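Colleague: next comes the sequence, and after it the predicted model I'd like to discuss.
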Amino acid sequence: MKKFAWFLTLMLVFTLVLSACGTPATEPPAPEPTQEAPTEAQPEPTEAPATEAPTATEAAAETFRVAVVMPSAINDLAFSQSMYDALTRIQEEMGAENFEFVYSENMFVVDDAAAAIRDYASQGFNLVIAHGSQYGSSLQEIAPDFPETSFAWGTTVDTFGLENVFAYEAASQEGGFANGVMAATLSKSNVIGVVGPIETGDAKLYVDGFKAGVLSVKPDAQVNVNYIGSFSDVALASEAATTHISAGADVLTGTAQMVVGAIGKAEENDVLWFGTQSNQTSLAPSIVVASQVYHWEGILNEMIALIKSGTLGGQSFVANLENGGEVIEFNPDSVVLENAQTLAETTIEGIKDGSITIPLP
Amino acid sequence: MISDLLSTTVLIGILASGIRLATPYLYAAIGETFGQRSGVLNLGVEGQMLVGAFAAFYVAFTTGNLWLGVLVAMLVGALMGLAMAYVTVNLHAEQGISGIGFYLFGLGMSELLFKRLLGTVETVKGFPKIHIPWLSDIPGIGEIFFSQNLLVYGAYLLVPIAWFVLNKTTLGLKIRSVGENPDAADSLGVNVGRIRYFTIILGGTLSGVAGASLSIALLNVFQQNMTSGQGFIAVALVYFGAWRPIGVLGGALLFSMINSLQLWIQVLGIPVPSDIAVMMPYVVTILVLVATVSRVRAPAALTKPFEREN
């Protein structure tokens, strides 16, 4: 029996590791250790018509080539998708002949990600993005080996003092604050629920900002926060939402990719929802009021301009409401939006011009 | 604040959540119980659940027919079970390793299909809550036990059925004998391979339903890796429940209830760090196991491939 107790313990630990992804990641890494990782480490062309005509050698030399390694899927409606969407928008802007990008998704295993980063660097990409702060130490090792290649990683402010590394992060507390202001305005029960993943990084920033936003409007409102300890447990996130609703919440928000289940519960119970990272309106158009969306393209365009002028790194960027790196996207079909939109817009302006400062714990 | 935990709303909330959370574990773990009682350890449950979850969701999403979704989930679960059975029974493969292989296959396959066929997270209208007449009107009890969806009821009905089949039927006797002493069973004319094929395919089928219960009954979405380790917990629950359906039920309920309790602890603002709160279900399960280590031993032939001696 002892043997089996051990086995059980092992199983539980394995599951805990799998589901909680106890890495010191500072933003949503999707816990998806996949066997595909090694094969996906090979740069795979996107659906973009990236293949250049063999004759256009000159044009090829001018094409700006970006490779990105990200922790979850490009369609996670959250962290990874925000980067994929940004790169797609840049490509639309610059044209497929001037800008191409490839990606490796679901790189939860940092070792695999490191291999992919090195691989991309040695293939002569202009910019290699490590979209996840857990990739930092790998990047610190790899970047000095490729002085001609520019690297970017986030979300962080640390460039390791390297000449060819950019850092980027999102001030997610800003959109969180704006969402919180709207949530407080729209709540009738004055009980508001938050479904969080792990209490760290930009998830924590968002939640703290949201809470501050609620309390700035209704100091006596009750904000119940629930961290479920996982970036992937859709079932637990959904049950957390149900718990909030039973506790009297009539407005919910949540961050990271496992909230899709929570949004469903909110819809079922006709409870309002505020999203973050990507626009989550499509999941439940009747209850989503607004989403804070990361628009990395502003920052990326700055990096691209710097790289073209010969600066390969050494700077760090912050996406916020003021520079358009974060945008509050309202759901035009939301019936309650009109009651909160004006206040939200004043709040956003206030955050932009600095007249509102967000108190963080 | 601790006293808030004892209010009716909270108690009902904890119990009703626990009943729901336990549903996928029950399907998967009861299926696994059959496999292990016949001597086969299937670690691929998680993969079977994922493929089942995707299949059910995709069928329900495209056809709007939930029952067809469940049926297809059972079918693909059964197919994965069939493959597992071939590998373990005919090829005598190391069960732990091949199970992990099937897990990774299911993880990758469900992800690939999701990306190719859906492309983004969608929602579907899943099984509605069924309020059982009279019973659902009982205060408290009604909300906890009798206002759930059909797949939840199914999971709990499965427990006595599994108990009956394992303990009171000839088939159950054959399954148990194959798991305890396949040589003796073989000499008495029991077809060891066939029984194991049956139990592994049954396990796959039920894992498929476990996945469907998530994607089209409890959550009504599909996302990559949405089972998030539940298949492995289900395997652990079989050990916890000492290879008996009732024990599995107890384990699943204990784990799920503690999980919903920790959700409430956080919501009520009881000052417990979230990291500690989310550990509770695992810690309590291990403690209960340690405290109640019984004399029940595993099926003697568990993980041992059967080779007929001539």
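Modeller: Yep, it's here.
Colleague: where do the strands of the stretch 251-361 of chain A begin and end?
Modeller: A:251-254, A:272-277, A:288-294, A:316-319, A:326-330 (DSSP state E, counting those that start in this stretch).
Colleague: sorry, slip of the keys, the one I care about is the stretch 1-150 of chain B.
Modeller: In the stretch 1-150 of chain B, the strands defined using DSSP E, counting those that start in this stretch lie at B:129-131, B:147-149.
Colleague: ok, B:Ala85 to B:Thr205 distance?
Modeller: 12 Å (C-beta to C-beta, to the nearest Å). Backbone N, C-alpha and C define where each C-beta goes, glycine included.
Colleague: disregarding flanking residues, what is the spatial nearest neighbour of the residue of the stretch 251-361 of chain A found nearest chain B?
Modeller: Going by C-beta to the nearest C-beta, chain B is nearest to A:Gly261 of the stretch 251-361 of chain A, at 4.3 Å. Leaving out its chain neighbours, the residue that sits closest to A:Gly261 by C-beta to C-beta, 6 or more residues apart in numbering or on different chains is A:Ser238, at 3.3 Å.
Colleague: show me the contacts for the one you found.
Modeller: A:Gly261, A:Ala262, A:Gly264, A:Lys265, B:Leu218, B:Leu219 (C-beta atoms under 8 Å, 6 or more residues apart in numbering or on different chains).
Colleague: can you give me the distance of the last one to chain A?
Modeller: In this case it means B:Leu219. 4 Å (C-beta to the nearest C-beta, to the nearest Å).
Colleague: and the residue nearest to A:Gly261, what helix or strand is that in?
Modeller: According to DSSP states H and E, A:Ser238 maps onto helix A:234-246.
Colleague: pLDDT below threshold where in the chain?
Modeller: Let's take chain A. Counting by pLDDT under 70, chain A contains low-confidence residues at A:1-61.
Colleague: can you look at chain B instead?
Modeller: Residue ranges of chain B with pLDDT under 70: B:1-2, B:293-295, B:310.
Colleague: what residue in it comes nearest to chain A?
Modeller: For chain B, C-beta to the nearest C-beta, closest residue to chain A: B:Val278, 3.0 Å.
Colleague: so which bits of the stretch 1-150 of chain B are right by chain A?
Modeller: Applying C-beta under 8 Å from any C-beta of the partner chain, we find that the stretch 1-150 of chain B lies next to chain A at B:9-10, B:12-13, B:17, B:20-21, B:24, B:104-105, B:107-108, B:111, B:115, B:119-121, B:123.
Colleague: same list, the strands of the stretch 251-361 of chain A, but as a markdown table with distance to A:Ala130 please.
Modeller: Formatted as a markdown table, these follow (distance: least, C-beta to C-beta, whole Å):
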| stretch | distance to A:Ala130 |
| --- | --- |
| strand A:251-254 | 26 |
| strand A:272-277 | 18 |
| strand A:288-294 | 16 |
| strand A:316-319 | 14 |
| strand A:326-330 | 21 |
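Colleague: make CSV out of those strands and add distance to chain B and mean neighbour count.
Modeller: Output for the strands of the stretch 251-361 of chain A, formatted as CSV (distance: least, C-beta to the nearest C-beta, whole Å; neighbours: other C-beta atoms under 10 Å in any protein chain shown):
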stretch, distance to chain B, mean neighbour count
strand A:251-254, 11, 30
strand A:272-277, 12, 29
strand A:288-294, 12, 26
strand A:316-319, 23, 21
strand A:326-330, 16, 21
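Colleague: which one of those strands lies closest to B:Met74?
Modeller: With distances scored as C-beta to C-beta, the stretch of the strands of the stretch 251-361 of chain A nearest to B:Met74 is strand A:251-254 (32.2 Å).
Colleague: how far is the helix or strand hosting B:Ala210 from where the chain is centred?
Modeller: Under the criterion of DSSP H and E, B:Ala210 resides in helix B:192-213. Centre-to-centre, helix B:192-213 and its host chain are 11 Å apart (C-alpha atoms, centre = their mean, to the nearest Å).
Colleague: swap in stretch A:110-123?
Modeller: 21 Å.
Colleague: ok, and the closest non-adjacent residue to residue 190?
Modeller: Just going to use chain A. A:Asn190 sits nearest to A:Ala221 (C-beta to C-beta, 6+ apart), 4.4 Å away.
Colleague: please go with chain B instead
Modeller: Distances taken as C-beta to C-beta, 6+ apart place B:Lys174 nearest to B:Val190, at 5.1 Å, with adjacent residues excluded.
Colleague: next, give phi and psi for the one you found.
Modeller: Main-chain torsions, B:Lys174, degrees, to the nearest 10: phi -60, psi -40.
Colleague: that one: what's it in contact with?
Modeller: B:Lys174 is in contact with B:Ala185, B:Val190, B:Ile195, counting by C-beta under 8 Å, 6+ apart.
Colleague: in helices, which of the residues of the stretch 1-150 of chain B next to chain A appear?
Modeller: Taking DSSP state H, the ones among the residues of the stretch 1-150 of chain B next to chain A that sit in helices are B:9-10, B:12-13, B:17, B:20-21, B:24, B:104-105, B:107-108, B:111.
Colleague: and B:Gly251, what element?
Modeller: Assessed by DSSP H and E, B:Gly251 sits inside helix B:245-267.
Colleague: wait, isn't B:Ser136 in contact with B:Gln148?
Modeller: No: taking C-beta atoms under 8 Å as the definition, B:Ser136 is not a contact partner of B:Gln148, at 9.4 Å.
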